[in-house]
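Peer 1: coords please:
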Amino acid sequence: MSNIPDGLRRPPAYGGKAIRLSRITDPATRRAQIVPLDHSVTVGPLGPRNHTENIVRMLSRTACDAVVLHRGRVAQIAPEAFTGMGLIVHLSASTSLALDSDAKVIVGGVDAALRSGADAVSIHVNVGSETETQQLTDFAAVSRECEVLGVPLLAMMYARGPRQAPRPDAATVAHLAAIATDLGADMVKLDYTGSPESMARVVDTTPLPIYVAGGATRSDDDAIAFGAEVLQGGVAGLSFGRNIFDADDPARVVNTLADLVHRRVVPTDILPALESA
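Peer 2: Residues are numbered from 1 along each chain as shown. A predicted model of the protein is given here:
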């Protein structure tokens, strides 16, 4: 486990970034339950034409802290859905139809994201891919723009490419966190390392708040149990997508996960699933 309580980690500087971050994360702990909904560029429609709007409206009535969307999709959703929930506009894209689906490109700017109402922006970087050099160059450019405009940056960092293992080890994930830190991100999203102990070692290597990806789709109870396990590693929060919008009861899953994130209390009906994981 991390020996630095996440509530005592160095807070961000005051100013525009801090104000916008407070709309996404708890200002004292930097904890958050983030739901990414940017998948349709990669894999195609997630449902009927109003699917994303319905999901966002549902999330706005839950304890979800923020959603991740592409700018064009934001324009299709009524503004009131975001009055009590943070908006992170995603700037990276690739598709499953591409010859190299790991080749992420920048498809939007920070200024355009702000015009869409964004509280923060996010980028996806596949370290180890054939286009790593360009993706790191793009990361640096977006980071500079965020600094000028006072916009928080969430870096989604993954080890993907011909020489990468299906599940990265803690050393690799810590390397990804170091890249995000050194290139100017304010938050970092990472894969789970497989155990709370190894995740805690990653947490101890970076001052950035870490949000862990949900990965493969699970049953509702298994997704909650997985979130509870991940949080034992001392990370700041969760960034589960498919395990929310594909859930049998999305509102229950997101509310329970948000309670886990902010209160770190495991509901008694989930304990058996956690103990058997």
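
Peer 1: buried stuff in stretch 124-134?
Peer 2: H124, V125, N126, V127, G128, S129, T131, E132 (16 or more other CB atoms under 10 Å). (Each C-beta comes from the backbone N, C-alpha and C, glycine too.)

Peer 1: tell me which residues in stretch 44-60 are buried?
Peer 2: For stretch 44-60, by 16+ other CB under 10 Å, it's T52, I55, V56, M58, L59, S60.

Peer 1: mind exporting the C-alpha coordinates of the helix or strand where the second one lies to CSV?
Peer 2: Under the criterion of DSSP states H and E, I55 resides in helix 51-60. Extracted C-alpha coordinates of helix 51-60, given in CSV (Å, rounded to 0.1, in the frame of the first residue of the first chain):
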residue,chain,number,x,y,z
HIS,A,51,-27.8,6.0,-26.6
THR,A,52,-25.0,8.4,-25.5
GLU,A,53,-27.4,11.2,-24.6
ASN,A,54,-29.5,8.8,-22.6
ILE,A,55,-26.4,7.5,-20.8
VAL,A,56,-25.1,11.0,-20.1
ARG,A,57,-28.5,12.1,-18.8
MET,A,58,-28.6,9.0,-16.5
LEU,A,59,-25.1,9.7,-15.3
SER,A,60,-26.0,13.3,-14.5
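
Peer 1: helices and strands of the chain: which one bottoms out on pLDDT?
Peer 2: helix 271-276 (a mean of 58; mean pLDDT, DSSP states H and E).

Peer 1: mind listing the helices in the protein by residue range?
Peer 2: 16-21, 40-43, 51-60, 71-74, 110-115, 132-149, 170-182, 196-203, 220-231, 242-245, 250-263, 271-276 (DSSP state H).

Peer 1: who's in contact with the first one?
Peer 2: Helix 16-21 has contacts (CB atoms under 8 Å, 6 or more residues apart in numbering) with P11, P12, P27, R30, D119, A120, C146, L149, G150, V151, P152, D186.

Peer 1: so what does the fifth one look like in phi/psi?
Peer 2: Torsion angles at D119 (phi, psi; degrees, to the nearest 10) stand at phi -90, psi -20.

Peer 1: please begin residue numbering at 21 from this point
Peer 2: Sure thing, new numbering starts at 21, so read that last one as D139.

Peer 1: how many neighbours does it have?
Peer 2: D139 has 21 neighbours, counted by other CB atoms under 10 Å.

Peer 1: my guess is it contacts I54, does it?
Peer 2: No: using CB atoms under 8 Å, D139 makes no contact with I54, being 11.3 Å away.
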